[in-house]
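# Using only what follows, build the 3D model:
(2 chains)
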There are 2 protein chains.
Amino acid sequence: MKETPEEKRNRLLSLAKLNVGSAYAGTEHSIAQAIASYNELEKTRNLVHEKLEEWYGIFFPELRLSNPISYAKFIERFGMDKKSADRPAVTELLGGAADQVLALASRSIGREPSGEEYEQLKALAQLELHIVETEDKLDKYLEASTKKLMPNITYLIDYKVAAELLARAGSLEKLALMPAGTIQLLGAEKALFKHIKFGSKSPKYGSIFKLQQVGNAGRFDRGRIARAYGAKLAIAARADGISKNFIADKLKEQLEETIKRQSNRPPKPGRQNNQHVGRGQQRQGRGDFRHDGNWHGKRQRRQ
Amino acid sequence: MKETPEEKRNRLLSLAKLNVGSAYAGTEHSIAQAIASYNELEKTRNLVHEKLEEWYGIFFPELRLSNPISYAKFIERFGMDKKSADRPAVTELLGGAADQVLALASRSIGREPSGEEYEQLKALAQLELHIVETEDKLDKYLEASTKKLMPNITYLIDYKVAAELLARAGSLEKLALMPAGTIQLLGAEKALFKHIKFGSKSPKYGSIFKLQQVGNAGRFDRGRIARAYGAKLAIAARADGISKNFIADKLKEQLEETIKRQSNRPPKPGRQNNQHVGRGQQRQGRGDFRHDGNWHGKRQRRQ
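Model (predicted):
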């Protein structure tokens, strides 16, 4: 019996639904969502803290605490009446800084907030602490799930950077099929297309710049170290996504060796201080390659 | 005995501190902080909700609820296992929409989240609900404190708009000394300076555009209604900040009469459809006044 168009439509529709469902079956999409949410919460927490510090600044402008969580907790506990704050309790919260803070409180020029004002400040402080708590939860989830899904990549680099690479690639399979140079530049798409379109300097690193080993490296080593990471990450991604072997211990050894070797190499001539390079032309900047904006091979007239 | 320079310095310093302290003694600064925090939380809530909807979209892409709070509560209660959600409980939360949502859940293409995934979703949903709660608290505080500080202004307009006007003016005293036109344009500073500097169209309203009576008015009435509000608000601000009388009931009557009169007036000629006005020139747009960018009175040559 031949199926009617109606039946065919329904069959194909349910097939498509099944495919969509199975495409989202893995944990990788949740990891991508989790890292995006984490980054968003980080921004959100900053915004709320800014408002809190601005508002409580009316009442205790002298208070400076480098840790925003301590600041929020201080408001929650002692915001109502800073001058008669309990010394042991303050010491418990702030440690060695307690004496100084109490001294500042006793000669503060700010008035004490009214009951209603304190209620609002406390609510904002508690909200900030709740955001921090949610961030911690996401952080733990990210650590556990990325280490399970990508044992090789997370052995080489921080799990949050690994999650970001995964999110930008779209899926582990896509990440596993990417060449090293693409992984090196994941997250620098904007700079890359600016380079391609307008001939600005080419980016040397994307999300992996967040790694301490790349970000804190010397100016002239960063690009090389990023390239080394890109190369080893590409191999690790293949192991995680396709062969499912654990080879990251060897990769890490090789990576460390490469980085050591790269760091000891002197910078290329012509890069450090605009020396003359080739045909007597002075290059501007330290870009490897500058496109003149003429993609079509036409001769351009100087104006 | 003459005071030493050291003594003099200390005396003046403590005097300055006293002045700073008393300048922040009123509630108006807390109102300004509260409305700023409220607006920030509104943004924050949207950001968190976006992430939540995106993430839960993996598991229940068919779910569309116009109320974000219901969406968050749905995830909190039924996110773990949407297909076996308890019908009475869903009805309690969603009312008449429950049947439809349960039908969608039973044939959803999304899988159920794992325990860890649900933990994260729940945490985000609870955070959103906490933000909403904090917003409500701020809202109540704003209502009570603005109505106490500015009985006349809040009789005429919404208390949140009143708080915003106060925040933009800096203090009640400053607001009380402002001319009507300035109050009308408070919050449109950017457009105003663009108008002054580049000759773009002049703004007709600032923060008071958020009033239903202004924002929902017809295109050609809005400016006039905004002007009427500005005029009455200036008088109300003087009553709140200086004379401390309650005259808003009379002001409101006058205001309503003015608005009625203005709405019945036909639009000025030349505004609706670029008719010829004066000296045979065709005006572009409906701007009242266009500056040609020549502030210095010099003759400009056409290029």
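
# Quick one: residues contacting the closest residue to chain B within the stretch 101-250 of chain A.
Here the stretch 101-250 of chain A gets closest to chain B at one residue, residue A:109, 4.3 Å apart by CB to the nearest CB. Placement of C-beta: from N, CA and C, glycine included. Shown in contact with residue A:109 (CB atoms under 8 Å, 6 or more residues apart in numbering or on different chains): A:61-62, B:17-18, B:20-21.

# same deal with residue A:112?
Residue A:112 touches A:59, A:80-83, counting by CB under 8 Å, 6+ apart.

# Tell me the spacing between it and residue A:245.
64 Å (CB to CB, to the nearest Å).

# Check residue A:180 too.
Taken as CB to CB, the span from residue A:180 to residue A:245 is 18 Å.

# now swap in residue A:231 and tell me
Taken as CB to CB, the span from residue A:231 to residue A:245 is 18 Å.

# So for these two, which sits in the more crowded spot?
Comparing residue A:231 with residue A:245 by other CB atoms under 10 Å in any protein chain shown, the one with more neighbours is residue A:231, at 19 against 11.

# if we can go back for a sec, so which of the contacts of residue A:109 are in strands?
With strands taken from DSSP state E, there is no overlap with those.

# Start from the N-terminal end of the stretch 201-303 of chain A and give the strands.
A:276-277, A:281-282 (DSSP state E, counting those that start in this stretch).

# again, but for the stretch 1-150 of chain A
Using DSSP E, counting those that start in this stretch, strands in the stretch 1-150 of chain A do not occur.

# Mind jotting down where the helices sit in it?
Ranges of helices within the stretch 1-150 of chain A are A:5-23, A:28-56, A:68-78, A:87-94, A:98-106, A:115-149, based on DSSP state H, counting those that start in this stretch.

# Wait, residue A:233 touches residue A:165, no?
Yes. Residue A:233 is within contact range of residue A:165, at 7.4 Å (criterion: CB atoms under 8 Å).

# Now do the shared contacts for the two.
With CB under 8 Å, 6+ apart as the test, residue A:233 and residue A:165 both reach A:153, A:183, A:208.

# Excluding covalently adjacent residues, which one is nearest to residue A:227?
Of all residues not flanking residue A:227 in the chain, residue A:184 sits nearest, at 6.0 Å (CB to CB, 6 or more residues apart in numbering or on different chains).

# does the one you found sit in a helix or strand, and which one?
helix A:180-185 (DSSP states H and E).

# Quick check: end-to-end length of stretch A:229-249?
For stretch A:229-249, the first-to-last residue distance is 14 Å (CA to CA, to the nearest Å).

# Can you mark which positions in it are buried?
A:229-241, A:247-248 (16 or more other CB atoms under 10 Å in any protein chain shown).

# Where does pLDDT dip in the stretch 1-150 of chain A?
Where the stretch 1-150 of chain A drops to pLDDT under 70, the residues are A:1.

# if we go to 90?
Residue ranges of the stretch 1-150 of chain A with pLDDT under 90: A:1-4, A:10-28, A:64, A:66, A:80-88, A:95-99, A:106-112.

# Quick check: buried residues in stretch A:61-74?
Neighbour-count burial for stretch A:61-74 [16+ other CB under 10 Å]: A:63, A:65, A:68, A:71-74.

# burial count for the closest residue to chain B within the stretch 51-200 of chain A?
Closest residue of the stretch 51-200 of chain A to chain B, CB to the nearest CB: residue A:55 (3.9 Å). Counted with other CB under 10 Å, residues neighbouring residue A:55 total 22.

# I'd guessed it sits against residue A:125; true?
No. If you go by CB under 8 Å, residue A:55 and residue A:125 don't touch, sitting 10.0 Å apart.

# quick one, what contacts residue A:61?
For residue A:61, the contacting residues are A:108-110, by CB under 8 Å, 6+ apart.

# Likewise for residue A:114?
So residue A:114 contacts residue B:27 (CB under 8 Å, 6+ apart).

# what's the answer for residue A:166, then?
Going by CB under 8 Å, 6+ apart, the list of residues near residue A:166 reads A:28, A:31-32, A:35, A:146, A:149-150, A:172, A:175.

# Redo these as CSV? Include neighbour count.
Listed next are those as CSV, based on neighbours: other CB atoms under 10 Å in any protein chain shown:
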residue, neighbour count
A:28, 24
A:31, 25
A:32, 21
A:35, 24
A:146, 26
A:149, 20
A:150, 28
A:172, 21
A:175, 27
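
# Tell me the one of those nearest residue A:96?
residue A:35 (35.6 Å; CB to CB).

# What strand or helix carries the nearest residue to that closest one once chain neighbours are set aside?
In space, and not counting its chain neighbours, residue A:35 is closest to residue A:163: 4.0 Å by CB to CB, 6+ apart. Take DSSP H and E as the rule and residue A:163 turns out to sit in helix A:159-169.

# Count the residues that sit near the closest residue to residue A:89 other than its chain neighbours.
Spatial nearest neighbour of residue A:89, excluding adjacent residues (CB to CB, 6+ apart): residue A:77 at 6.7 Å. Residue A:77 is flanked by 16 other residues according to other CB under 10 Å.

# what's the answer for residue A:197, then?
Neighbours around residue A:197, by other CB under 10 Å: 11.

# And the one helix or strand it maps to, what's buried?
Using DSSP H and E, residue A:197 maps to helix A:189-198. If you call a residue buried by 16+ other CB under 10 Å, then helix A:189-198 has these buried ones: A:191-192, A:195.

# Could you tell me the angle between it and helix A:159-169?
Inter-element angle recorded for helix A:189-198 and helix A:159-169: 50 degrees (by axes from the mean of the first three to the mean of the last three CA atoms, to 10 degrees).

# Tabulate the CA atom coordinates of helix A:189-198 in CSV.
The C-alpha trace of helix A:189-198 is given here as CSV (Å, rounded to 0.1, in the frame of the first residue of the first chain):
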residue,chain,number,x,y,z
GLU,A,189,36.6,35.6,14.8
LYS,A,190,36.1,39.4,14.9
ALA,A,191,39.8,40.2,14.7
LEU,A,192,40.3,37.5,12.1
PHE,A,193,37.7,38.9,9.7
LYS,A,194,38.9,42.4,10.3
HIS,A,195,42.3,41.2,9.3
ILE,A,196,41.0,39.4,6.2
LYS,A,197,38.8,42.3,5.2
PHE,A,198,40.8,45.4,6.1
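
# pLDDT on it, on average?
Mean pLDDT, helix A:189-198: 90.

# likewise stretch A:231-238?
Mean predicted confidence for stretch A:231-238 is 94.

# and it, C-alpha only, in CSV?
Output of stretch A:231-238 as CSV, limited to C-alpha atoms (Å, rounded to 0.1, in the frame of the first residue of the first chain):
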residue,chain,number,x,y,z
ALA,A,231,48.7,22.1,17.7
LYS,A,232,48.4,19.9,20.8
LEU,A,233,44.8,20.8,21.5
ALA,A,234,43.9,19.7,18.0
ILE,A,235,45.4,16.3,18.7
ALA,A,236,43.8,16.2,22.1
ALA,A,237,40.4,17.0,20.5
ARG,A,238,40.7,14.2,18.1
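
# No further questions, thank you.
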